[in-house]
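Student: Whatever this is, show me its structure:
(chains A and B)
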Amino acid sequence: MEKRVDEQLSGLNFDGISEYWQKVVDTYGGFLPESRNLSFKDLLASHPNGLFGKWLKGIGLYLLQELAVNGKLLGTLIILTIFSMLLQAIQNAFEYQTVSKIAYSVIYLVLIIVALNTFKVAMDLTTTAIQDMNHFLLALMPLILALMATSGSVASVAFFHPLVVFLINVSGWLVSSFVLPLIFMSTLLHIVSSLTEHYKVTQLANLLRNVALGTLAVYFAVFLGVMSVQGMATSVSDGVLVKTAKFITGNFVPVVGRMFTDAADTVIGASALVKNTIGIAGLLILVFLVAFPAVKVFALTVIYNLATALLQPLGGGPVIQCLSIMAKNMLYIFAALAIVSTMFFLAVTIIIASGNMSLMMH
Amino acid sequence: MTAIYQWVSQIILLIMLAIVLDMLLPNASFQRYVKMVIGLVLIVALLSPVMALFKMPAEALFRHITAPSGDDPLKSSLETKKKEIETETRAYIHNQMAVQLKNYAEEELMRRFHYTIVSIDVTVDDDHPEDPVKKVAVVLGQAKSDSEKTFEAVQPIEAVRVNVSKDSDASEEPGAAQRMEDVRNFLAKTWGVRPERIAVRSEEGGRG
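Tutor: Prediction:
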């Protein structure tokens, strides 16, 4: 059996997948020193348990580094806010109140531009991370589904294939051109509302944000529900189907039939093992693809929250309000990324598990 | 999505305008009226998509909201991968079956007919699990007894001599075809395959 597994692993073509592993290693190799020389085939052969601690450490290092890099941003935010507060404090010294008001607005606008820039960076990071995951899944899925088909899960493949295509196409589109823009617009509306006391559109902003998050949550729940329940059902029927086929062959065709089922059994078992190995490696790469951008977005969120917390003693006002809005919406972007990656992760896990489930029915 | 973008940017622009207007107005007594007017304008701007929604027929609305359709890159690549893996596993099953069939019949064949199996080629029909074996092509070779085998390792020349004698034996014997037929029937019985599905051929070219 093990020989067969090795044989099959060496016979398969991993170009599409190993490309993404290479990309991860090339981009973040500095934080994963022990994986830098690991090729994809080595990754399949290696035992990930030993490496987990090191990987976690690498991601932690990355978080610290991002925080340090974004310290500059924190400094800018603090200085701008202090300036605006100073202006506000000496407002009474000016003869004309409107002049100081305009000066204050100018500083406020600069602050908004800085904040929106980082917001844009976070949005781009999320979009590219999701697109990377999309492409990776497109490369991984044929292999896993084909291995499942050869290990007898024909109905499961027929069920999962259109669902996975749907998931991959729709989730990328949904997040990058529906959820993120809505969150962005909601942020803009919130900020504009904080500029003026008379014309508030915060309710509209909340509405947009709730629509975005609600859509994502409903999509997530419905999709995973259908996938897990229906996936298990088809996998059970697959198991029964293979079992009957085996029973017929093994019992009605005396000698050759048994030999045939023996050989086919080895193949099915080996295919399932290969599928699990590749699936776990695929999950690892998926995690890496999303972990670093997510950490980066998270670092930005932390910076904004920190800035809000630090500057509040200087007094409330629109600036603090603006920073806290940025912090909150940045967290929503992070949540969108986390939800989509969790969805992909669970989808792959369910597919792998349902293949195993149909084997268990044998 | 572009419609929402336009709508939101319109609202934002209006509010910015209102803010600038607020700063420009010197007199506080005017502000009440300005506030009222700008508020009304804002309401119109906010309502504009709702108005557009009423005007637009429902089908046109759904025509806009279509999920991105693209050709299915997964399907074709899934098919090719599947074919790759399937041919590979089929080859493996064939090999494995050949080995098993050989092990199963070899001893008896040796004892009764003094033949060994040189190679087996199994054709398997995967679509009919109740009758999986379509054709078995067997190539037989002359067996050497154990003592000869051990000798062969030491003295290869002697083995050649033995082969020659056996070979002439087979060609001269008129019942060679009959012998092949016997082997075929024997194999059919041992393996549980119908005899017409087995093709037996001797290594020297005799057919049965």
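Student: From here on, just use CA atoms for contacts and neighbour counts.
Tutor: Fine.
Student: right, and the helix or strand after the longest helix out of those in chain B?
Tutor: The longest helix of chain B (DSSP state H) is helix B:73-113. Using DSSP states H and E, the helix or strand that follows helix B:73-113 in sequence is strand B:115-124.
Student: other SSEs contacting the longest helix of chain B?
Tutor: Contact partners of helix B:73-113 among helices and strands, from 3 or more C-alpha pairs under 8 Å, 6 or more residues apart in numbering or on different chains; DSSP states H and E: helix A:97-150, helix A:255-311, strand B:115-124, helix B:176-191.
Student: please redo it, this time with the cut-off set to 7 Å
Tutor: Under the contact criterion of 3 or more C-alpha pairs under 7 Å, 6 or more residues apart in numbering or on different chains; DSSP states H and E, helix B:73-113 touches helix A:97-150, helix A:255-311, strand B:115-124.
Student: Quick one: mean pLDDT for the following helix or strand past the first one?
Tutor: Elements were assigned by DSSP H and E; along the chain past helix A:97-150, the next helix or strand is helix A:154-174. Confidence over helix A:154-174 (mean pLDDT, whole number) is 80.
Student: Also stretch A:241-255?
Tutor: 71.
Student: With stretch B:11-22 instead?
Tutor: Here the average pLDDT along stretch B:11-22 is 86.
Student: Pretty sure residue B:98 sits against residue B:120.
Tutor: Yes - because the distance of 5.6 Å satisfies C-alpha atoms under 7 Å, residue B:98 is recorded as touching residue B:120.
Student: How about residue B:194: what's its closest non-neighbour residue?
Tutor: residue B:188 (5.8 Å; C-alpha to C-alpha, 6 or more residues apart in numbering or on different chains).
Student: For residue A:199, give me phi and psi.
Tutor: Per-residue torsions, residue A:199: phi -110, psi 90 (degrees, to the nearest 10).
Student: Count the neighbours of it for me.
Tutor: 19 (other C-alpha atoms under 10 Å in any protein chain shown).
Student: Tell me how far it lies from chain B.
Tutor: 7 Å (C-alpha to the nearest C-alpha, to the nearest Å).
Student: Retrieve the pLDDT associated with that residue.
Tutor: At residue A:199, pLDDT is 82.
Student: Name all residues that make contact with it.
Tutor: Neighbouring residues of residue A:199 by C-alpha atoms under 7 Å, 6 or more residues apart in numbering or on different chains: A:193, B:15.
Student: go with 6 Å
Tutor: With C-alpha atoms under 6 Å, 6 or more residues apart in numbering or on different chains as the criterion, no residue contacts residue A:199.
Student: wait, does the helix or strand hosting residue B:51 make contact with chain A?
Tutor: Using DSSP H and E, residue B:51 maps to helix B:28-55. No - if you take C-alpha under 6 Å from any C-alpha of the partner chain as the test, helix B:28-55 misses chain A, and the best it gets is 7.1 Å.
Student: Go ahead and flag the most central residue of chain A.
Tutor: residue A:341 (2.7 Å; C-alpha atoms, centre = their mean).
Student: nearest spatial neighbour of that residue, skipping sequence neighbours?
Tutor: Nearest non-adjacent residue to residue A:341, counting by C-alpha to C-alpha, 6+ apart: residue A:290, 6.9 Å away.
Student: and the gap between the residue nearest to the centre of chain A and chain B?
Tutor: 20 Å.
Student: Please apply the same query to residue A:298.
Tutor: Taking C-alpha to the nearest C-alpha, one finds residue A:298 at 27 Å from chain B.
Student: what's the answer for residue A:217, then?
Tutor: 18 Å.
Student: Confirm that that residue lies within a strand, as I assumed.
Tutor: No - counting by DSSP: H, G, I helix; E, B strand; the rest coil, residue A:217 is not part of a strand but helix.
Student: what's around it, how many residues?
Tutor: 15.
Student: Show the model's pLDDT score for it.
Tutor: On the pLDDT scale, residue A:217 gets 89.
Student: Which segments of chain B make up each domain?
Tutor: As assigned by automatic domain parsing, chain B contains the domains B:2-64, B:75-202.
Student: Span of the longest one from start to end?
Tutor: It stands for domain B:75-202. 47 Å (C-alpha to C-alpha, to the nearest Å).
Student: Let me see the mean pLDDT of it.
Tutor: Rounded mean pLDDT across domain B:75-202 is 70.
Student: okay, now the nearest residue to residue A:259 once chain neighbours are set aside: neighbour count?
Tutor: The shortest distance from residue A:259 to any residue other than its chain neighbours is 6.1 Å, reached at residue B:97 (C-alpha to C-alpha, 6+ apart). For residue B:97, the tally of surrounding residues (other C-alpha under 10 Å) stands at 25.
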